[in-house]
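In: can't give you the sequence, but here's the structure:
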């Protein structure tokens, strides 16, 4: 069975500092990988995705994630965070079972 | 194009009652998925509807049921509500079934259900 583990439930960081949110998955089949962001009292927004090709994927707001097949990881990084990045971040995998499997989420708290 | 819209945004029900949540999919999308997100947890897959037929179901009891209409909008029905059903219910629409390559799910704002 597929599963997703987000290793940190909360990540506090100061503004303009770098950040990494960790995600590991388990699957015996090929997966598609996603990061979603959820702002307070809102639904999920797709941040970035890995489907195939280059293992490094980037979003328009400065986040990037790298697919590492050998380590079954898809960590999310940003070199310099902003207050507005404060949110809940979810890693998810998609196989051919018709569903997204989400991790427990990581709360990114950016402090001034 | 319009996004995914859900109604109502908030709802309070009493244990044992029944509830219907609604979702309008994004224009051109023929697939709708429903997820339950308990407080402090990641979303859990309930089921997916593709062209009005159920196409995959998660580990939820039969009192969770759904419908998809010819215009691809959808309803989630929950009977005999329990306190543990309190959660944010998210609807997501997509151009094709989740799992088909390159299919991206677009989420609505969710319905916050509180069972008392």
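Out: Cool, the structure landed. Keep in mind it's a predicted model, so treat the numbers as computed, not measured.
In: contacts, neighbours, all on C-alpha from now
Out: OK.
In: for residue A:64, which non-adjacent residue is spatially closest?
Out: Leaving aside its chain neighbours, residue A:64 sits nearest to residue A:58 (4.2 Å; criterion: C-alpha to C-alpha, 6 or more residues apart in numbering or on different chains).
In: I figured that neighbour hits residue A:76, correct?
Out: No: Residue A:58 lies out of contact with residue A:76 (C-alpha atoms under 8 Å); the separation is 9.5 Å.
In: show me what from chain A comes close to chain B.
Out: A:41-46, A:51, A:90, A:94-105 (C-alpha under 8 Å from any C-alpha of the partner chain).
In: one more time with 6 Å, if that's ok
Out: A:42-44, A:94-96, A:98-99, A:102-105 (C-alpha under 6 Å from any C-alpha of the partner chain).
In: what about the residue most central in space within chain B, helix or strand, and which?
Out: In chain B, the residue lying closest to the centroid (C-alpha atoms, centre = their mean) is residue B:34, at 2.8 Å. Applying DSSP states H and E as the criterion places residue B:34 in strand B:31-37.
In: before we move on, back to that, lowest pLDDT pick from the residues of chain A next to chain B?
Out: Within the residues of chain A next to chain B, pLDDT reaches its minimum at residue A:96, with 67.
In: the strand or helix carrying residue B:77 pairs with which strands, and in what direction?
Out: Residue B:77 belongs to strand B:74-78 when assigned by DSSP H and E. Sheet pairing for strand B:74-78, assigned by DSSP bridges, gives strand B:19-24 (antiparallel), strand B:64-68 (antiparallel).
In: which stretch among those comes nearest residue A:21?
Out: Taking C-alpha to C-alpha, strand B:19-24 is the member of those nearest to residue A:21, at 31.3 Å.
In: show me which residues of that closest one are buried.
Out: By 16 or more other C-alpha atoms under 10 Å in any protein chain shown, the buried positions in strand B:19-24 come out as B:19, B:21-24.
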